[in-house]
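J.: Based on what follows, work out the 3D shape:
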Amino acid sequence: MKKTLLFFATFLFVTSTFAQRNLQTVKKDQTFATKSYLKADQNESLGPVNQSKALVSTAFHSSENGYTLSAGKKVTADQTSKKALYTARAGGPFGFTGNDISLKMTTDGVDFDSVTFVSTTGKRYPGGTFFRDGADLYVVSAGPVVEASWSHNYVYSAKIDGTNAADTLLVIPAGLGLFHMNEGLTVLETGELFIIGEKNGPEAEDFPHVAYTIWKFMWNSIDKKFNFVSETDFTPDMDPDMPPVQPQGLAFSPSGDVGYFWVNLQDADPLVAYNLSTQPAIWKTIDKGETWTRMPNYDYGQVEDLKEHVWPIISDEEVIRPVFFYGYTSSDKLMPGVVDHEGNLHLLVRIVGGYSVHPDSLDYTFVYEPQKIFDLYTKTDGTWGANLVDSLESEVYKDKQEFGDFALDHRIHMARTEDGTRIFAIWTDTQGEVAETNIAPDLKAKGFNLTDNTQTIAKNFTTLTPTEFSILYMNASDIAINDNDTYKIPVVYISGDTPENEILHHYLAGVEFDADFAHVSVNDIDQNFNQVSQSYPNPTSGMTSVDVTLVKGSNLSIQVVNIMGQVVYTENKGNVSEGKYRFNFDASQLNSGIYFYTVKAGNSNHTSKMIVQ
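T.: Numbering: from 1, shown residues only. This next block holds a predicted model:
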């Protein structure tokens, strides 16, 4: 009862307070003296990318239902052969049954080869990846087996022509790990295979899955199969009153020497009392998984790049408490990560600011703050940094919007080039007036060049294309294919009435970043914006806000017009310095309908749509 009353009081207080505060008084945005930032409106529908290279959507696989999507690495790629691999259960018009695992391969997204693991037992939740044994390219799949109960794990391998097929089947005694959560399926060049298993013992009534196992296998080049080697158990010391250790992930560096395992939790002994909500707990290996060491807790409220974009607590404008999102549904478990060429971990995370550090408010966030995606990464000096990826237009704070019984979420994924010098964020978002929840998702992506600290714009690939609003339950590769300095990201999405029934899987070719990866630096053009947010809330029937980040000083103003072009509101802040600012606009006196707001900063302008209910 105490928390319930506090929540409603907080809601009213935060709503009234932040509707009146100019963001200039909340915090100053970063200068751009030390990095090369690119022309980027972080929250704008930019239209289809690569206008001369149309997106091609191909239905290439089917399943009896969508539960194959719940866990496991679905999409990956091999740099040498330029092949993409998709792994899922079979069934439906493309043939086979729900017990069979299909590993589909393509180089162009139109023609597909496949290796199908035909099974009489219930293979479920499969993951898949590539592995090279000398000159021979193999496909590998792993997952749990259900007969009368969840009783086995399997690791299947075969050459891409289907020969040398082998199936390693492990009986799982009670209490050991089960491959339900095989997000981290990885095979190193030297033949070590790693996969995450969740504990198969008794489940807590409210918070299941509080312990995990990393299974290790080794390739036998004579028998041409993977043999079990060892297991490492992880039972994090977490706050018993907070949610379980989810999501989780596993990733290794390009060389394979450095690896990380992470989960999202509220630690029982946080670094700063009440200043940490759920956050990544991370284990690191520097000997290819022989030993794992827990990294120290970190106060992510000290990450300078987060301070520039995450709202501060209500009582202190210099303090932020980043809230990392978590959940229990199949899509909520995604906190993807990759390891770059220097052995640094990059996590793609969704963050908003907590309104207080009081112990009764660890899970409360600001009402109107847009949820943002960040590339959160380790540094060689032991600290952390962050890159803003984008602000999300559709706000699903607790991921309750569902498609069937599958939460859509924003389907965030992360990819890197084989050499680890470039990383990519891929996600879906519903834009404009459709809905607050992500029910009509478009595909977006953004790239970072780690060798020179440049980045692309956040590109909307599917808006104004035949695939607009339809990228449901998207999965993207963890490897981006470098094809003559064009970076291709394999993407798959589904269609069907609901995932509980028969579904089709579609491959989306043409998700690419061209050779001019860095595009144009803002220092080279007359571009005063780094970011103009979508008005929020949107739709609105009362107060709405627009956040603006300027990279240099200029005259800053906003104008709102109706669909007839009649001006209904203007505000001019005058000449202001670089930094972050907010326009607050009361739409309660306007008729319901579509309006457009234009923000001007010097010679730069940005126009977006807003809905008044």
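J.: from memory residue 542 sits against residue 588, does it?
T.: Yes: counting by C-beta atoms under 8 Å, residue 588 is a contact partner of residue 542 at 4.8 Å. All C-beta spots, glycine's among them, are computed from the backbone N, C-alpha and C.
J.: Looking at these two, which one has more neighbours?
T.: Higher neighbour count among residue 542 and residue 588: residue 542, with 14 against 10, using other C-beta atoms under 10 Å.
J.: Contact partners for the residue most central in space within the chain?
T.: Of all residues in the chain, the one closest to the mean position by C-alpha atoms, centre = their mean is residue 412, 2.3 Å from it. Residues near residue 412 by C-beta atoms under 8 Å, 6 or more residues apart in numbering: 334, 336, 348, 350, 373, 425-427.
J.: change it to 7 Å
T.: Residue 412 is in contact with 334, 336, 348, 350, 373, 427, counting by C-beta atoms under 7 Å, 6 or more residues apart in numbering.
J.: before we move on, what about residue 145?
T.: 121-123, 151-154.
J.: next one: residue 502
T.: Contacts of residue 502 (C-beta under 7 Å, 6+ apart): 62, 64-65, 92, 496.
J.: so how far is residue 496 from it?
T.: Between residue 502 and residue 496 the distance is 6 Å, computed by C-beta to C-beta, to the nearest Å.
J.: Identify the contacts common to those two.
T.: Common neighbours of residue 502 and residue 496 (C-beta under 7 Å, 6+ apart) do not exist.
J.: What does the residue nearest to the centre of the chain show for phi and psi?
T.: For residue 412, the backbone dihedrals (degrees, to the nearest 10) come out as phi -70, psi 140.
J.: got a pLDDT number for the spatially closest residue to it that is not a sequence neighbour?
T.: Closest residue to residue 412 apart from its sequence neighbours, by C-beta to C-beta, 6 or more residues apart in numbering: residue 427 at 4.4 Å. Note for residue 427: predicted pLDDT of 94.
J.: Can you tell me the SS state at residue 427?
T.: At residue 427 the chain is in strand, as set by DSSP: H, G, I helix; E, B strand; the rest coil.
J.: For it, list each beta-bridge partner.
T.: In this structure, residue 427 bridges to residue 444 when assessed by DSSP bridges.
J.: so who does it touch?
T.: 373, 410-413, 444.
J.: can I get the residues you listed in a markdown table with distance to residue 593?
T.: Compiled in a markdown table, the contacts of residue 427 are given as follows (distance: C-beta to C-beta, whole Å):
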| residue | distance to residue 593 |
| --- | --- |
| 373 | 31 |
| 410 | 28 |
| 411 | 31 |
| 412 | 33 |
| 413 | 36 |
| 444 | 27 |
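J.: mind giving me JSON lines with those and columns for pLDDT and distance to residue 314?
T.: Below are the contacts of residue 427 laid out as JSON lines (pLDDT from 0 to 100; distance: C-beta to C-beta, whole Å):
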{"residue": "373", "pLDDT": "92", "distance to residue 314": "24"}
{"residue": "410", "pLDDT": "85", "distance to residue 314": "27"}
{"residue": "411", "pLDDT": "88", "distance to residue 314": "32"}
{"residue": "412", "pLDDT": "91", "distance to residue 314": "28"}
{"residue": "413", "pLDDT": "94", "distance to residue 314": "34"}
{"residue": "444", "pLDDT": "94", "distance to residue 314": "31"}
